[in-house]
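Colleague: Sequence and predicted structure, then a few things I'm wondering about:
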Amino acid sequence: MKNTLSHAIVWFRQDLRLSDNPAFTAACREHDAIIPIYILDDSLPLGGAQRWWLHHSLLSLQKNLKKSGLGLCLRQGNPLDVLTQLLHDYNVQTIYWNRCYEPFAIERDTVIKAFFQASGIRVITTNGSLLHEPWEIKTQTGSFFKVFTPFWRACLKQITVPKKVSVPHTPKTIELDSDLLVSWKLLPTKPNWAKDFALHWEPGERGALQKLEHFIDVHLIGYDISRDVPFKDATSKLSPHFHFGEISVWDVWRAIERVACNKKHDIRSVERFLSEMGWREFSYHLLYHIPSLPQSNFKSDFDAFPWKNDPVALKAWQQGNTGYPIVDAGMRELWHTGYMHNRVRMIVASFLTKHLLIDWRIGASWFLDTLVDADTASNSASWQWVAGCGADAAPYFRIFNPILQGEKFDPDGAYVKQWVPELRSVSARWIHQPWMAPSDQCGLLLGKDYPHPIVDHAAARKRALLHYQTMKKKHD
């Protein structure tokens, strides 16, 4: 029964949407007046690319709340202090939020929840971002899964698609002081390295829904194959919208299920796309059970691996100047768009950890700063997977050959030429190894117009395998 004349706080975090938002919906159902708030906690990590996205996502949320007669309060500072002050000033009885699963967020939220409950304040937390809570999926022995396939099989067995939650009525808003979004200075200025981001992205609920509709209408059929071809741009690109919670995982699941009911549709592609959502779930499952995943090797034998400290090679990788076209194209796509195609992410990560022998944590840190979709969970699990030290990992001796990967997934060099314009005159035959082209067919001066390879693939592969064997002997 509704608590008459009650006030509540809805603390938005990684759930910047109104549609199918369980915390927001529950607060609207139970209270006459609510305070929607977003708190910028500068003590928590937030990469540069994600600061750009957050600015625009909050603008979108403000507009959507305003349409419902509500205002979004923006405050900067320690969340416990900010919430305590609001409780004191506005006679709030209940706080609502959707759960976050990063270790630092769990620690923060546990302290805040215990503090307010001890003060007689109700704290209602809900799942607004995952298909299953990380603790719900267990092996037959009651442990957590360390391999994806049995994990996903268990998820599918337990899955029950809920009805979409909806707001029955909009409560009143409580007028209060709010920071100006521009005062947070989330956007880069000098230089404005994100100037092209808006050409590729529309943060917010509307942008997320448009991405989903476009993917279903244009790319879902054939996704199983075309998802690996970077130039086709055939993936959903929902990952940043998932990260900021601008679209519900259940809204996406229901939309894909409706498509799957059409017998004419490509069921293999539907299953493949849903399994990609499963990998996101698996990453959060791992992070919840292994809080040290962002810092520590899942496989402890890698603690003895002799990573190199090579600032020159690292800078060449970051700037897309390695001399390997598919690697450089990926790193430049990342810089210009805040995103990189998934196949290419694996190639550039393998190159950093196995060709250059640079610690996967350094690569993961760079991605956290430059990717608009950089989840702590997916980023850490994926880098460890490629490096060979993670759960369900590719074996270390699986070293991506950047030449063959380019020839297989970008055969005519369209992706490379899009992001590495100095190679546009190179023919498809030589586009992935321009250093091998006859001088009269290259169309550029290597070492001046485009760098020579910073390492030889064959030699780098041999060196990496030697280090791996040495590490194994030390561990054994």
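Modeller: Right, received. Where do you want to start?

Colleague: M346 and I137, how far apart?
Modeller: Taking C-beta to C-beta, to the nearest Å as the measure, M346 falls 25 Å from I137. C-betas here are computed from N, CA, C, even on glycine.

Colleague: Could you do R29 as well?
Modeller: R29 is 29 Å from I137, by C-beta to C-beta.

Colleague: now for the one helix or strand R206 maps to, which elements pack on it?
Modeller: Under the criterion of DSSP states H and E, R206 resides in helix 205-214. Under the contact criterion of 3 or more C-beta pairs under 8 Å, 6 or more residues apart in numbering; DSSP states H and E, helix 205-214 touches helix 48-67, helix 239-243, helix 249-260.

Colleague: Tell me which of those helices lies nearest to L212.
Modeller: Within those, the stretch nearest L212 is helix 249-260; the backing value is 6.1 Å (C-beta to C-beta).

Colleague: buried residues in the closest one?
Modeller: Buried residues in helix 249-260, counted by 16 or more other C-beta atoms under 10 Å: V249, W250, D251, V252, W253, A255, I256, V259, A260.

Colleague: Now do that helix, average pLDDT.
Modeller: Averaged across helix 249-260, pLDDT comes to 93.

Colleague: which other helices and strands contact that helix?
Modeller: helix 205-214, helix 267-289.

Colleague: Next, count neighbours for T470.
Modeller: The number of residues packed near T470 is 13, by other C-beta atoms under 10 Å.

Colleague: Could you do G320 as well?
Modeller: Residues within reach of G320, counting by other C-beta under 10 Å, total 22.

Colleague: where's it relative to G443, distance?
Modeller: Per C-beta to C-beta, G320 is found 19 Å from G443.

Colleague: Quick check: buried residues in the one helix or strand in the chain whose mean pLDDT sits lowest?
Modeller: None of the helices or strands of the chain scores lower by mean pLDDT, DSSP states H and E than helix 439-442, at a mean of 74. Buried residues in helix 439-442, counted by 16+ other C-beta under 10 Å: C442.

Colleague: P103 is nearest to which of the helices and strands packed on helix 205-214?
Modeller: Among the helices and strands packed on helix 205-214, helix 239-243 comes nearest to P103, with 16.6 Å by C-beta to C-beta.

Colleague: about what we covered before: comparing R29 and I137, which shows the higher neighbour count?
Modeller: More crowded of R29 and I137, by other C-beta under 10 Å: I137, with 20 against 14.

Colleague: Name the nearest residue to the more buried one, ignoring sequence neighbours.
Modeller: A154 (5.3 Å; C-beta to C-beta, 6 or more residues apart in numbering).

Colleague: before we move on, back to that, after the least confident helix or strand of the chain comes which helix or strand?
Modeller: helix 457-475.

Colleague: Pull out the buried residues from that next one.
Modeller: Buried residues in helix 457-475, defined by neighbour count with 16+ other C-beta under 10 Å: H457, A460, R461, R463, A464, H467, Y468, M471.

Colleague: What is the nearest of those residues to A364?
Modeller: A464 (18.4 Å).

Colleague: list the contacts for the nearest residue to the closest one once chain neighbours are set aside?
Modeller: Spatial nearest neighbour of A464, chain neighbours left out: K354 (4.5 Å); criterion: C-beta to C-beta, 6+ apart. Going by C-beta atoms under 8 Å, 6 or more residues apart in numbering, K354 touches A387, Y396, I399, F400, A460, R461, A464.

Colleague: Now for the first one, how many residues are close by?
Modeller: Just to be clear, that refers to A387. 27.

Colleague: and it, how far is that from N379?
Modeller: 12 Å.

Colleague: Common neighbours of those two, please.
Modeller: Counting by C-beta under 8 Å, 6+ apart, A387 and N379 have no common neighbour.

Colleague: List the buried residues for the helix holding R206?
Modeller: Per 16+ other C-beta under 10 Å, helix 205-214 contains these buried residues: E205, G207, A208, L209, K211, L212.

Colleague: try stretch 266-282
Modeller: For stretch 266-282, by 16+ other C-beta under 10 Å, it's 266, 269-271, 273-282.

Colleague: can I get the CA coordinates of that stretch in CSV?
Modeller: In CSV, the C-alpha atoms belonging to stretch 266-282 read as follows (Å, rounded to 0.1, in the frame of the first residue of the first chain):
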residue,chain,number,x,y,z
ASP,A,266,18.4,-16.4,-38.8
ILE,A,267,18.2,-18.4,-35.6
ARG,A,268,22.0,-19.0,-35.5
SER,A,269,22.6,-15.3,-35.5
VAL,A,270,20.0,-14.8,-32.9
GLU,A,271,21.6,-17.4,-30.6
ARG,A,272,25.0,-15.9,-31.3
PHE,A,273,23.9,-12.4,-30.4
LEU,A,274,22.3,-13.6,-27.1
SER,A,275,25.5,-15.5,-26.3
GLU,A,276,27.4,-12.3,-26.7
MET,A,277,25.1,-10.9,-24.0
GLY,A,278,26.1,-14.0,-22.1
TRP,A,279,29.8,-13.1,-22.2
ARG,A,280,28.9,-9.8,-20.6
GLU,A,281,27.1,-11.7,-17.9
PHE,A,282,30.0,-14.1,-17.5
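
Colleague: I'd like the mean pLDDT over it, please.
Modeller: The predicted model assigns stretch 266-282 a mean pLDDT of 95.

Colleague: which outside residues touch that stretch?
Modeller: Outside stretch 266-282, the residues that touch it by C-beta under 8 Å, 6+ apart are 130-132, 145, 148, 151-152, 155, 220-224, 227, 236, 239, 242, 249, 252-253, 256, 259-260, 375, 377-378, 381, 392.

Colleague: Try it again at 6 Å.
Modeller: L131, F148, F151, W152, L220, I221, Y223, D224, I256, A260, S378 (C-beta atoms under 6 Å, 6 or more residues apart in numbering).

Colleague: Can you tell me which of those is closest to S365?
Modeller: Closest to S365 out of the contacts of stretch 266-282 is S378 (14.6 Å), distances taken as C-beta to C-beta.

Colleague: Remind me which helix or strand the closest one belongs to.
Modeller: Applying DSSP H and E as the criterion places S378 in helix 376-387.

Colleague: That helix: which residues count as buried?
Modeller: T376, A377, S378, N379, S380, A381, S382, W383, Q384, W385, V386, A387.

Colleague: wait, isn't the second one in contact with L287?
Modeller: Just to be clear, that refers to A377. Yes: applying C-beta atoms under 6 Å, one finds A377 in contact with L287, separated by 4.1 Å.

Colleague: so what are the domain limits for this structure?
Modeller: For the chain, the structural domains run 7-128, 130-163+205-289, 300-475, going by automatic domain parsing.

Colleague: Turn those into TSV, including distance to L199.
Modeller: Converted to TSV, the domains of the chain look like this (distance: least, C-beta to C-beta, whole Å):
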stretch	distance to L199
domain 7-128	13
domain 130-163+205-289	13
domain 300-475	8
